[in-house]
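J.: Below: sequence and its predicted model.
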Amino acid sequence: MDFHFLIRNGIAGGIFLALAFAGMWATSPDDAARVFGALTDVQSLVVALVAAATPVIGICLQSLVLIFRYTRRDMFTDDARRLVARRFREAIHSDANWRSTFGDLLDSGVDDRVFVSIYHRTAPQHLIEWARRRRSYNYLGETCACAVVIGFTIGLFIPDLINAGIWGSERARILFVIIPGVIWTIASLWLARKMRQDADRMELAWAIHELVPDLGRKMKVGGFEARRVQAPVPRLVRDLLLVAGAVFLIRR
């Protein structure tokens, strides 16, 4: 697994835990002090659990970001991908035989995969690495924004959960574990399916490029009207802040 991936998600997971504790302290300082005191009694165990849990929490938060972007169709929709994919389609449709064979396979959902199949084959490695690092920071920013808002919001409810009388019921404890587990299983399977589709479409684009003669030559550069794409980060942060604000108002 990519080392930067683990570090990035570990940072986001640590921010989530810190903000969850801050939310608990803001709601009930006494409960926060009790929890902190109990954790210091088993300090070595807590350190090990935090070290193991922070990357896992970060991966879960990044999965939420990916699901949000997939459902909003904001997953890699920049001008470069649209330009390359449009030229790819134009080259395919310029020949009747190519169009009848491959035309129906090239819907708008393959823009990123067409770009990747060409970009990673022709771009210099240092350019690919540079872009990968920048996108890594982009994921870090989005995931940390989720960690701040979701962590603090959950922290606001931790005292209520601690003092709730429902934990005496075995059924309540089972439901508390099962319901989030079922939701996360469904989300994970959905995201896994999207990732498999991405890989399948990229391989399809690569196969077409290899099987069609002179395709690269026909992908000539023409006029292209750049269109600004609204970045997903402001919408994501806005939606998270709206949820946090609604929770705050309800608690008041």
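T.: That came through, no problem.
J.: for this structure, longest helix please?
T.: helix 170-211 (DSSP state H).
J.: so what secondary structure elements neighbour that one?
T.: Packing partners of helix 170-211 (3 or more C-beta pairs under 8 Å, 6 or more residues apart in numbering; DSSP states H and E): helix 43-71, helix 79-93, helix 111-122, helix 215-218. In short, each C-beta sits where N, CA and C put it, glycine included.
J.: In contact with the residue nearest to the spatial centre of the chain, which residues?
T.: Centroid check for the chain by C-alpha atoms, centre = their mean gives L66 as the closest residue, at 2.7 Å. Contacts here follow C-beta atoms under 8 Å, 6 or more residues apart in numbering; on that basis L66 touches 75, 191, 194.
J.: Not including adjacent chain positions, what is the nearest residue to the first one?
T.: Spelled out, that is M75. R69 (4.8 Å; C-beta to C-beta, 6 or more residues apart in numbering).
J.: Could I get the phi/psi values of P124?
T.: phi -60, psi 150 (degrees, to the nearest 10).
J.: Secondary structure element for D160, which one?
T.: helix 125-163 (DSSP states H and E).
J.: same deal with A20?
T.: Using DSSP H and E, A20 falls in helix 3-27.
J.: Relative to A205, how far out is the nearest residue to D111 once chain neighbours are set aside?
T.: The shortest distance from D111 to any residue other than its chain neighbours is 3.9 Å, reached at A85 (C-beta to C-beta, 6+ apart). For A85, the distance to A205 equals 9 Å [C-beta to C-beta, to the nearest Å].
J.: When these two are compared, which one has more neighbours?
T.: A205 (25 against 21; other C-beta atoms under 10 Å).
J.: Now find how far off-centre the helix holding D160 is within its chain.
T.: Relative to its chain's centre, helix 125-163 lies at 9 Å (C-alpha atoms, centre = their mean, to the nearest Å).
J.: All further residue positions should be reported with the first residue as 58.
T.: Sure thing, new numbering starts at 58, so read that last one as helix 182-220.
J.: Just the buried residues of it, please?
T.: 196-216 (16 or more other C-beta atoms under 10 Å).
J.: ok, back up a step: so what's the residue nearest to the centre of the chain scoring on pLDDT?
T.: Confidence at L123, expressed as pLDDT, is 88.
J.: among the contacts of L123, which ones are buried?
T.: M132.
J.: so where is the stretch 208-309 of the chain shaky, pLDDT-wise?
T.: For the stretch 208-309 of the chain, applying pLDDT under 70 flags the ranges 222-225, 270-271, 273-309.
J.: same thing but 50
T.: 278-290 (pLDDT under 50).
J.: Could I get the contacting residues of T84?
T.: Here T84 is in contact with 212-217, 308 (C-beta under 8 Å, 6+ apart).
J.: same question but for V173, I mixed them up
T.: Counted by C-beta under 8 Å, 6+ apart, V173 has contacts 259, 262.
J.: F78 versus the spatially closest residue to R178 that is not a sequence neighbour, what's the distance?
T.: Leaving aside its chain neighbours, R178 sits nearest to W263 (7.7 Å; criterion: C-beta to C-beta, 6+ apart). The spacing between W263 and F78, counted by C-beta to C-beta, is 47 Å.
J.: Can you give me the separation between the residue nearest to R178 and F159?
T.: 13 Å.
J.: follow-up on the earlier one: would you mind pulling up the elements that the helix holding D217 packs against?
T.: So helix 182-220, by 3+ C-beta pairs under 8 Å, 6+ apart, packs with helix 60-84, helix 86-98, helix 100-128, helix 289-308.
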